[in-house]
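Peer 1: turn this into a structure:
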Amino acid sequence: MMSLDSITLYLVATMVAALLGAMMVFFGKQENSPALKWWGTAYLLGAASVALWTAAGDRLGPHLYLALNAVGFVACGMVWNAARVFHGRKPNWPGLVLGALAWVAAATLLDPTASMLRMLVGAGIVSVYAALTASELWTERRKSVQRRWPALVMPVMHGCVLMLPIVIGSVLRPHDAGFSSSIWVTVFAVELILYAVGTVFVIFMLVSERTVTAHRTAASTDPLTGMLNRRGFSEACARVIEREAKAGRPVTVMIFDIDHFKSINDRFGHPAGDEMLKLFSTVVVSNLRISDLSGRIGGEEFAALLPCALEEGVLVAERVREAFETSGVVVDEGPVDTTVSIGVAGGPAGTELEVLLASADTALYQAKRGGRNRVEAAEELPLSLENWRRQSAARIGASQARPATA
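Peer 2: Down below sits the predicted model:
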């Protein structure tokens, strides 16, 4: 009766694994996800191997039986490689087949009557692959521990269940021919079902989270320059300002405006203007620190937030201005002037981003009015955004009353 129940459980496990594998391969093709294809193919191979082994058993013949088991170990290697591919790493082809080769060697060299020993060797190989898979998932540093723990627990649990007979092997009879029909066979069958379902749940959780992250990143990134857009810049700055406020440190904001950008588009075309924007974004990122934030907040206007005092921010702004001026852009019509006007504003810990941007914008206006290609620092923060808006409206009215300049 135990044998029939075990066979039934194994067949159920293989059917579940096959359905889940087909589903992952399908979604892998739909979403163009190589990792899902790897996982799905591994499930299909493993399910086919276990199903034939359970249904045919000793009728397969020694060589076909050995090859069938080897395919099962290749499927375990594919699960590990799927985790590598999911994290952007290349497949480990030697490791993919090493477990199968180790099993073939063990099955060939061991005494044919040592069925329990062969089973323990196979469990050990699967446990090693489970540990490698868990290690691969654990090293994904972009996820918090709370989010990563299901991806780690599933393969660890699988390996522990398979290794348990090895750990307590001293209390088992090494040459017990009835070991294959012991309670461990039933435990393995039940665990295989739980592992198949649980692992697929974890896989789709990871894939779904990565998809959401990709969409969130696209929504906060400027497609032309790859920098943060206005929304992404504002959200990231809010987090940095809050962090610096807790530490009591000041922050500095600067706004960049490429000089005569409209004339560049008019003279050389919009593709040349796009190249200019990409060049300037590279200059900004190259001259800022890793801890600094930068983004394109509209048209030819860029902004940056630095966790530092105003004096240090002015030095960084001057470095960006000089680097852009000496970038040496040349088109068919000749060299192109690459200059930028920069407004810089600093504030004490906890100053709101909008207040800093308003003050930096006032300084930028002064830089433009003072001849462009210069850095101006704000003398003081505006008392309120409402006052700044009134001042901006007055400046706009005054500029409209003057003749437009290039």
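
Peer 1: pLDDT weak spots in the stretch 201-350 of the chain?
Peer 2: Within the stretch 201-350 of the chain, the stretches with pLDDT under 70 are 210-215, 217-218, 330-334.

Peer 1: how about 90 then?
Peer 2: By pLDDT under 90, the low-scoring segments of the stretch 201-350 of the chain are 201-221, 223, 226, 260-273, 275-276, 290-291, 298-299, 327-338, 347-350.

Peer 1: ranges for the strands of the stretch 301-406 of the chain?
Peer 2: Here the stretch 301-406 of the chain has its strands, by DSSP state E, counting those that start in this stretch, at 301-306, 329-331, 334-336, 340-347, 375-377.

Peer 1: hmm, who's touching the last one?
Peer 2: Residues from elsewhere that reach strand 375-377, judged by C-beta atoms under 8 Å, 6 or more residues apart in numbering: 310, 314, 317-318, 321, 341-346, 363-364, 366-367, 370. C-betas here are computed from N, CA, C, even on glycine.

Peer 1: show me what contacts Pro250?
Peer 2: Glu244, Pro307, Cys308, Ala309, Leu310, Gly346, Gly347, Pro348, Ala349, Thr351.

Peer 1: how far away is the closest residue to the third one other than its chain neighbours from Asp292?
Peer 2: Spelled out, that is Cys308. Closest residue in space to Cys308, ignoring its immediate chain neighbours: Thr252 at 5.6 Å, by C-beta to C-beta, 6 or more residues apart in numbering. According to C-beta to C-beta, to the nearest Å, Thr252 and Asp292 sit 9 Å apart.

Peer 1: the more surrounded of those two?
Peer 2: Ranked by neighbour count (other C-beta atoms under 10 Å), Thr252 and Asp292 place Thr252 first, with 27 against 19.

Peer 1: assign the more buried one to helix, strand or coil.
Peer 2: strand (DSSP: H, G, I helix; E, B strand; the rest coil).

Peer 1: quick check: it touching Ala345?
Peer 2: Yes - the pair Thr252 / Ala345 is scored as a contact, 7.0 Å apart, by C-beta atoms under 8 Å.

Peer 1: so what's in contact with these two at the same time?
Peer 2: Counting by C-beta under 8 Å, 6+ apart, the residues touching both Thr252 and Ala345 are Leu310, Leu356.

Peer 1: all helices of this structure, in order?
Peer 2: Using DSSP state H, the helices of the chain run over 2-30, 34-56, 62-86, 93-109, 115-138, 145-167, 183-219, 230-247, 261-268, 270-287, 310-325, 353-369, 385-401.

Peer 1: re earlier: of the contacts of Pro250, which is the most crowded?
Peer 2: Gly346 (24 neighbours).
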